[in-house]
Structures are given as structure tokens and as C-alpha cells.
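In: Give me the fold of what follows.
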Amino acid sequence: MPAVVSHKLRSHKLQPPALVQEQVSRPSLRDILCNSASAKLVLLSAPAGFVKTSLMTQVCFKMAESGIDTAWLTL
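Out: Just a heads-up that it's a prediction; the model follows:
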């Protein structure tokens with residue numbers, strides 16, 4: 001009998017990390033991304049250590065403050 005495989009996503013994969021004071025702030029990049037709210041999808045690609053998660057966390061919270069729905073998926 002084949003084993004049943006569960007494909008449940010962990011809840012931490014569906015929520016952005018908490019904002020912390022020590023994060024690198026990139027207001028110009030954040031504003032560019034926030035102003036692209038009419039786009040159906042935004043893809044941010046950069047090498048490791050280029051502040052992608054911090055930037056997108058800031059964008060997510062800024063858009064939420066403005067009443068714009070967002071989704072978060074960590075792969």
C-alpha cells in the first residue's frame with residue numbers, strides 16, 4: 001500500500017517575517033515596489049545577502065497600511 005504524502009505548507013512560509021528596527025531600510029526601492037501595486041505579480045531576484053527579504057517585508061507592511069492586499073510565500 002503506498003504511503004500518503006502530506007503537502008501541507010507550514011504557516012511560517014505564508015507570513016512575512018516580523019519587522020525589526022535593525023533591518024536595512026531601502027525607502028527608494030520600497031516606494032518603487034509599492035507604486036507597482038497595479039501589477040499582478042512582482043518578482044524580485046538578487047544574490048544572497050542583498051536584503052531581498054527585508055525589502056519585501058517592508059513593502060508588504062507598507063502596502064497593508066495602505067489597505068492593499070498582499071500575499072507572502074517563502075520557497
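
In: contacting residues around the residue positioned nearest the centre of the chain?
Out: In the chain, the centroid-proximal residue (CA atoms, centre = their mean) is residue 56; its distance is 4.3 Å. Shown in contact with residue 56 (CB atoms under 8 Å, 6 or more residues apart in numbering): 16, 33, 44, 72. C-beta: built from backbone N, CA, C; applies to glycine.

In: Would you mind giving those residues as JSON lines with pLDDT added?
Out: Converted to JSON lines, these look like this (pLDDT from 0 to 100):
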{"residue": "16", "pLDDT": "87"}
{"residue": "33", "pLDDT": "89"}
{"residue": "44", "pLDDT": "85"}
{"residue": "72", "pLDDT": "87"}
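
In: Which of those fall within helices?
Out: With DSSP state H as the criterion, helices contain residue 33 from among the contacts of residue 56.

In: Most neighbours out of the contacts of residue 56, which is it?
Out: residue 33 (20 neighbours; other CB atoms under 10 Å).

In: I figured that residue hits residue 60, correct?
Out: No. Residue 33 lies out of contact with residue 60 (CB atoms under 8 Å); the separation is 9.6 Å.

In: which stretches of this protein have low pLDDT?
Out: Applying pLDDT under 70 to the chain picks out residues 1-9, 37.

In: All the strands of it, in order from the start?
Out: When secondary structure is read from DSSP state E, the chain shows no strands.

In: Only C-alpha atoms, please: export the longest helix belonging to it in CSV.
Out: Longest helix in the chain, counting residues (DSSP H): helix 52-65. What follows is helix 52-65, C-alpha atoms only, in CSV (Å, rounded to 0.1, in the frame of the first residue of the first chain):
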residue,chain,number,x,y,z
LYS,A,52,15.5,40.9,-0.5
THR,A,53,13.6,39.6,2.4
SER,A,54,14.0,42.8,4.5
LEU,A,55,12.9,44.9,1.5
MET,A,56,9.9,42.8,0.7
THR,A,57,8.8,42.6,4.3
GLN,A,58,8.9,46.4,4.4
VAL,A,59,6.9,46.6,1.2
CYS,A,60,4.3,44.1,2.5
PHE,A,61,3.7,46.0,5.7
LYS,A,62,3.6,49.4,3.9
MET,A,63,1.1,48.1,1.4
ALA,A,64,-1.0,46.6,4.2
GLU,A,65,-1.0,50.0,5.9
